[in-house]
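Colleague: No letters, just coordinates:
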């Protein structure tokens, strides 16, 4: 099967198979943004099952852009932590990719300070209880781009094989592209072309900081579920421009690749499910056609079996990112490879006390996972 075949990126780096561990929020780092031991063990155990690459939990590039208590890539003081993380991610020889992000208007006030919330425009998120941010100045926008560049440089120094820009899931890069979040009238907003400027500037800065021999990826939400959001046609134009920057891959962020459902901004997991009008064509297929081989296409969402991964490849993906399945079963890939599907764990233990120890999940991450009812099944 194609999913077990090797793949070579534009930069020359190669992976042994098409399976990648998706970026998984742990919410379990130390307060200073350094990785905790149990967080490193969570990554090490899952990477050891033989994935072609592991993508880290998103690392914040600026202290005032933290959306959870996760790892940092904001200054030289984070370098030793990043080096330990890269080592843990290479437990079985796979590649280590650092995902980097900024929270923008969905940064957490308790982590950054009540008055530090800033975003493209003074427009609150749709998430319950969201505060209204202040609009960033033009100098601050340039400064945030420089922060992404610096984070990529730190990743290179730490020994990572590449960096993925988190341009999806309603964080700052996504916000600049969104007509709902970005009401600016300068070069960073207004028309669709201007709303693309920030994502493209960040991607260019990261590619430049990494140099030509490391992997540069970009994660994008293919369309917004909200009626006044950007469309699949909009994001196809963005991906076409991103592909011109010699990126190694573009990742399509979906809740389930078969249903073509992106994550809504509200993230009300225990409430009624909003009806989402999805495009007739799979975003994976649409992106693959627009990108036309200039970058690899990665997708995620609902990958539970080898057949699921094969289905994503058939739609046009080159790589498949596995998230929830590998949270539930750290040895998921080993079981899939040996065709022991019946032994794959189907959910987290009912007894919360068993989850952390049996599955090497940090206690803070257990709390985070259980705060999102229905996102991960329970036995």
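Modeller: Noted; the coordinates are in hand. Only a predicted model underlies this, so the values are computations on that prediction, with no experimental measurement involved. Numbering: from 1, shown residues only.

Colleague: helices and strands around the biggest helix by length in the chain, which ones?
Modeller: In the chain, taking DSSP state H as the definition, the longest helix is helix 138-158. Contacts defined by 3 or more CB pairs under 8 Å, 6 or more residues apart in numbering; DSSP states H and E place helix 138-158 against helix 79-89, strand 95-101, strand 162-167, helix 197-210. Placement of C-beta: from N, CA and C, glycine included.

Colleague: The last one - contacts with which helices or strands?
Modeller: Contact partners of helix 197-210 among helices and strands, from 3+ CB pairs under 8 Å, 6+ apart: helix 138-158, strand 162-167, helix 172-177, strand 215-220, helix 232-242.

Colleague: Quick one, which of the ones you listed gets closest to residue 21.
Modeller: Closest approach to residue 21 among these is made by strand 162-167 (11.8 Å; CB to CB).

Colleague: Not counting its own residues, what contacts that closest one?
Modeller: Strand 162-167 has contacts (CB atoms under 8 Å, 6 or more residues apart in numbering) with 9, 11, 13, 23, 55, 58, 95-101, 148, 151-152, 155, 173-174, 177, 199, 202-203, 206, 210, 214-221, 248, 251.

Colleague: can you check stretch 144-159 too?
Modeller: Stretch 144-159 has contacts (CB under 8 Å, 6+ apart) with 59, 61-62, 65, 73-76, 78-79, 82-83, 85-87, 96, 98, 100, 102, 136, 162-163, 165, 172, 198, 201-202, 205-206, 208-211, 214.

Colleague: Is it possible to mark the buried ones in the residues you listed?
Modeller: Among those, the ones that count as buried by 16 or more other CB atoms under 10 Å are 59, 61-62, 65, 73-74, 78, 82-83, 85-86, 96, 98, 100, 102, 136, 162-163, 165, 172, 198, 201-202, 205-206, 209-210, 214.

Colleague: quick one: low-confidence ranges for the chain?
Modeller: Applying pLDDT under 70 to the chain flags residues 268-277.

Colleague: That one: strands as residue ranges?
Modeller: For the chain, applying DSSP state E gives strands covering 7-8, 14-15, 19-21, 53-55, 59-60, 95-101, 118-119, 134-135, 162-167, 215-220, 249-252, 296-300, 319-322.

Colleague: Turn those into TSV, columns for distance to residue 337.
Modeller: Shown next, in TSV, are the strands of the chain (distance: least, CB to CB, whole Å):
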stretch	distance to residue 337
strand 7-8	16
strand 14-15	15
strand 19-21	9
strand 53-55	16
strand 59-60	29
strand 95-101	18
strand 118-119	43
strand 134-135	50
strand 162-167	24
strand 215-220	23
strand 249-252	22
strand 296-300	19
strand 319-322	13
